[in-house]
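Engineer: pasting a predicted model and its sequence here:
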Amino acid sequence: MNIAIIADDYLPHSTRVAAKMLHELAHSLKEMGHNIVVITPEVFQKEKLKIDDFEDICIWRFKSGQLKISNLVRRAINESLLSVRAWKAIKNKVQSNTFDLVIYYSPSIFFGTLVKKIKKTCACSSYLILRDFFPQWTIDAGLIKKGSLKERYFRIFETINYKNANRIGLMSEKNQIVFNTHTKNIYQTEILRNWAKLKPHQKETNTPSLREKLNLQSKTIFFYGGNIGYAQDMANLMQLVKKMQVFPQAHFVFLGQGDEVSLINHLAKNGS
């Protein structure tokens, strides 16, 4: 099968777990004999479309505005344009027999229109890997007011995203229950848990450990790894850091990317 994998970021320019998971998925599918193309935005390239290869996986990178930024208005605009920019870049390469299946990952919720166009052109099926209930979590967190124009705007794209999936994979039973209840059981869903390649990490020769790099040999390390964003309530974690300052042996390490990196740096610098 010829399979397209669509995601809003990918290796090697991302440190996010999703990028690594999708790269491992691409490799696993290729080892099974399938032909894989990853379609993903690239912020800093000049070309409308750039085709390259990373670790034997073909990648179509389309030009995009910045996505992982703290300016929410600019981010919303650039994400809203993902499908438009992607299709404009790849449409001349997509023929009736180009793809047999589209796998797309959410977040972002803005690839539904692109998937629709590919499905129409190729008469193929699609599978949505759903890992984020947006915009619902922003409403629950008080970032967007329920019933507001913002919510209605994002709900339009959310619906398009779901409608263009032949099947939707959610990462837990509870997620499936919440999703099916929210959408009134109108979509085909199943459990698709997160995955990782079971291969031991091989440390490079003479590479210092994190303890050695940060001179933390005698410290008790509290480690946070993953997305550093609004949903993770990083300000609350920094309150924990502040309260733990009475224990000189404690040291917190935050490793990741996201909208709240600047907040972490600011609070750490100001001791708050």
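Structural biologist: Sure, I can see it.

Engineer: this structure: helices as residue ranges?
Structural biologist: In order along the chain, the chain carries the following helices (DSSP state H): 17-31, 72-80, 82-90, 112-122, 136-140, 149-163, 173-182, 210-214, 234-243, 261-269.

Engineer: got CSV for those helices, with mean pLDDT and distance to residue 11 too?
Structural biologist: Placement of C-beta: from N, CA and C, glycine included. Listed next are these as CSV, based on pLDDT from 0 to 100; distance: least, C-beta to C-beta, whole Å:
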stretch, mean pLDDT, distance to residue 11
helix 17-31, 95, 5
helix 72-80, 89, 20
helix 82-90, 97, 18
helix 112-122, 98, 20
helix 136-140, 89, 26
helix 149-163, 97, 23
helix 173-182, 96, 25
helix 210-214, 85, 21
helix 234-243, 89, 24
helix 261-269, 83, 19
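
Engineer: minimum distance to residue 255: which of those helices has it?
Structural biologist: When the helices of the chain are compared by C-beta to C-beta, helix 210-214 sits nearest residue 255, at 8.6 Å.

Engineer: could you dump the helices of the chain to a markdown table with distance to residue 66?
Structural biologist: What follows is the helices of the chain, written out as a markdown table (distance: least, C-beta to C-beta, whole Å):
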| stretch | distance to residue 66 |
| --- | --- |
| helix 17-31 | 17 |
| helix 72-80 | 6 |
| helix 82-90 | 12 |
| helix 112-122 | 19 |
| helix 136-140 | 19 |
| helix 149-163 | 19 |
| helix 173-182 | 29 |
| helix 210-214 | 29 |
| helix 234-243 | 20 |
| helix 261-269 | 14 |
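
Engineer: let's have the ones you listed in JSON lines, adding distance to residue 200 and mean neighbour count.
Structural biologist: Compiled in JSON lines, the helices of the chain are given as follows (distance: least, C-beta to C-beta, whole Å; neighbours: other C-beta atoms under 10 Å):
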{"stretch": "helix 17-31", "distance to residue 200": "15", "mean neighbour count": "18"}
{"stretch": "helix 72-80", "distance to residue 200": "37", "mean neighbour count": "15"}
{"stretch": "helix 82-90", "distance to residue 200": "36", "mean neighbour count": "20"}
{"stretch": "helix 112-122", "distance to residue 200": "36", "mean neighbour count": "20"}
{"stretch": "helix 136-140", "distance to residue 200": "35", "mean neighbour count": "16"}
{"stretch": "helix 149-163", "distance to residue 200": "37", "mean neighbour count": "16"}
{"stretch": "helix 173-182", "distance to residue 200": "30", "mean neighbour count": "13"}
{"stretch": "helix 210-214", "distance to residue 200": "18", "mean neighbour count": "11"}
{"stretch": "helix 234-243", "distance to residue 200": "30", "mean neighbour count": "14"}
{"stretch": "helix 261-269", "distance to residue 200": "30", "mean neighbour count": "14"}
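
Engineer: identify the bridge partners of the nearest residue to residue 27 once chain neighbours are set aside.
Structural biologist: The spatial neighbour of residue 27 that comes closest, neighbours along the chain excluded (C-beta to C-beta, 6 or more residues apart in numbering), is residue 57 at 6.8 Å. Residues found in beta-bridge contact with residue 57 (criterion: DSSP bridges) are residue 54.

Engineer: can you count the residues close to residue 57?
Structural biologist: 19 (other C-beta atoms under 10 Å).

Engineer: check whether it really touches residue 28, as I assumed.
Structural biologist: No - applying C-beta atoms under 8 Å, one finds residue 57 not in contact with residue 28, separated by 11.0 Å.

Engineer: before we move on, the earlier item: OK, contacts around the residue nearest to residue 27?
Structural biologist: For residue 57, the contacting residues are 23, 26-27, 30, 36, 38, by C-beta atoms under 8 Å, 6 or more residues apart in numbering.

Engineer: between those, which sits nearest residue 240?
Structural biologist: The nearest member of the contacts of residue 57 to residue 240, counting by C-beta to C-beta, is residue 23 at 32.5 Å.

Engineer: for that closest one, give me its contacts.
Structural biologist: With contacts taken as C-beta under 8 Å, 6+ apart, residue 23 has the following neighbours: 10-11, 54-55, 57.

Engineer: check residue 7 too.
Structural biologist: Contacts of residue 7 were listed using C-beta under 8 Å, 6+ apart, and they are 18-19, 22, 38-40, 104-105.
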